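Undergrad: fold the following, please.
(one chain, ligands or ions: 2)
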Amino acid sequence: MGELRDRFWELPLKELNRAEWEALCDGCGRCCLHKIEDADTGEIADTNVACKLLDCSTGRCTDYRNRKVFVPDCLRLTYRIMDDVPWLPKTCAYRLRAEGKPLYEWHHLLSGDPEAVVRAGVSVAGRVISEYDAGPLEHHIVEWDW
Ligand code: SF4
Ligand code: SF4
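TA: Ligands and ions are numbered 1, 2, ... in the order given. This is a model prediction of the structure:
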């Protein structure tokens, strides 16, 4: 995995080791929401429906280590696929760093507070429902204000 180097989040994304890559996530949970892609236009609509493994009250994956067993298509973000995920939120730490931008001050690596992402209003915590309860995704299209 590798050690976390001092201020590693300021290094170019491609230079991060595995541990640093994992630690970069701000925990917003927004990449864990279902999206609907229009088969004809390729347009992507957001929904407020979360992956079944997401704890909707905290916005965190309930079994990150074993997630692929339960959710085989869970996105595994890597440096190589950054160009293929334009839908990542503008506040996503990976997107920011891929664009050479600094992290927001609320990011836990800077604030030291994993809950600061919730107070900053960019976490899904308390704002989404589980796919277990949602019914048809088409009924849950939303335009997020974050
Ligand atoms: S959108 Fe980015 S920062 Fe937020 S949970 Fe997903 S990978 Fe982490
Ligand atoms: S398995 Fe976990 S990390 Fe993957 S989309 Fe679901 S909640 Fe998110």
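Undergrad: residues of this structure that sit close to ligand 2?
TA: Within reach of ligand 2 by C-beta under 6 Å from any ligand atom, the chain has these residues: 32, 51, 53-54, 61, 64, 67, 71, 74. Bear in mind the C-beta positions are built from the backbone N, C-alpha and C, glycine included.
Undergrad: are any of these buried, and which?
TA: With burial judged by 16 or more other C-beta atoms under 10 Å, the buried subset of the residues of the chain next to ligand 2 is 32, 51, 53-54, 61, 67, 71, 74.
Undergrad: so what's the gap between stretch 7-15 and the chain middle?
TA: 18 Å (C-alpha atoms, centre = their mean, to the nearest Å).
Undergrad: residue ranges with poor pLDDT in the chain?
TA: By pLDDT under 70, the chain has no low-scoring segment.
Undergrad: longest strand of it?
TA: strand 44-50 (DSSP state E).
Undergrad: would that strand count as contacting ligand 1?
TA: No - applying C-beta under 6 Å from any ligand atom, one finds strand 44-50 out of contact with ligand 1, separated by at least 11.5 Å.
Undergrad: please apply the same query to stretch 27-43.
TA: Yes - using C-beta under 6 Å from any ligand atom, stretch 27-43 reaches ligand 1 at 27-31.
Undergrad: what about those, which one has the most neighbours?
TA: Counting by other C-beta atoms under 10 Å, Gly29 has the largest number of neighbours within those, with 25 neighbours.
Undergrad: pull the contacting residues for it.
TA: Neighbouring residues of Gly29 by C-beta atoms under 8 Å, 6 or more residues apart in numbering: 50, 54, 59-61, 123-125, 128.
Undergrad: what about it, distance to Arg5?
TA: According to C-beta to C-beta, to the nearest Å, Gly29 stands 26 Å off from Arg5.
Undergrad: in which helix or strand would I find the residue sitting furthest away from the middle of the chain?
TA: In the chain, the residue that sits farthest from the middle, by C-alpha atoms, centre = their mean, is Asp40; the gap is 26.2 Å. Under DSSP states H and E, no helix or strand contains Asp40.
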